[in-house]
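*Asks:* I'd like to go over a predicted model; first the sequence, then the structure.
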Amino acid sequence: MGHWTLGASAGVYWPVSNLDGAGLPEVATFVSGTIDPVLGLGISGGLWSGIDVGLFSSARLVVSDFEDGRRLGSTFTTTASIRHVVSRKLSLQGLVTHLHRQTDTGNMMEDSGGDWIYLQPQAAWKVAASGSRAWQFLMGLRLPVHQNVRGTQLVDSPSFLAGLSVTM
């Protein structure tokens, strides 16, 4: 058994849209007109050499309404992960994520909310490291395996994910 770490995170959810025909952001505009706090807590550690597991939960807390008085439902996410370190730079990860979204409230309320379960196979390539900091490029798939939704506008389909992760 390896070393275990407890971590906390804070961030913001800043939704933008308006992609041009090529799929690149031309002019980003707010989707919901609100920037919401995201708070998280997680634990991770090593099982044996080269294998780490983790459990992370987060909440996006909606703090303001649309101009028409409608408020989006808050979201709560729990993710379990396993990671295999292939080399000093490459790791392969598998994640199982449960996402719960509360029902919208207020004026002009839509059918919304529900529960989703995703499988996320992904790879991470460490592009730089300095002391305890590490920068990784992530790529993977997000595959919905279960959906219990209240509103067809929330039905999800498989998607490709890419991003940059910074560990401090």
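*Replies:* Cool, the structure landed.

*Asks:* Now name the helix or strand holding Thr103.
*Replies:* If you go by DSSP states H and E, Thr103 is not part of any helix or strand.

*Asks:* Check the gap between it and Thr77 for me.
*Replies:* 17 Å (CB to CB, to the nearest Å). Every C-beta, even on glycine, is put in place using the N, C-alpha and C of the backbone.

*Asks:* Next: Ala124.
*Replies:* 19 Å.

*Asks:* In the sheet, which residues pair with the closest residue in space to Leu92 that isn't next to it in sequence? Tell me.
*Replies:* Nearest residue to Leu92, sequence neighbours excluded (CB to CB, 6 or more residues apart in numbering): His84, at 5.0 Å. Taking DSSP bridges as the rule, His84 bridges to Ile51, Leu92.

*Asks:* thinking His84 is in contact with Ser91, fair?
*Replies:* Yes - using CB atoms under 8 Å, His84 is in contact with Ser91, at 6.5 Å.

*Asks:* The two - which one has more neighbours?
*Replies:* Ser91 (19 against 12; other CB atoms under 10 Å).
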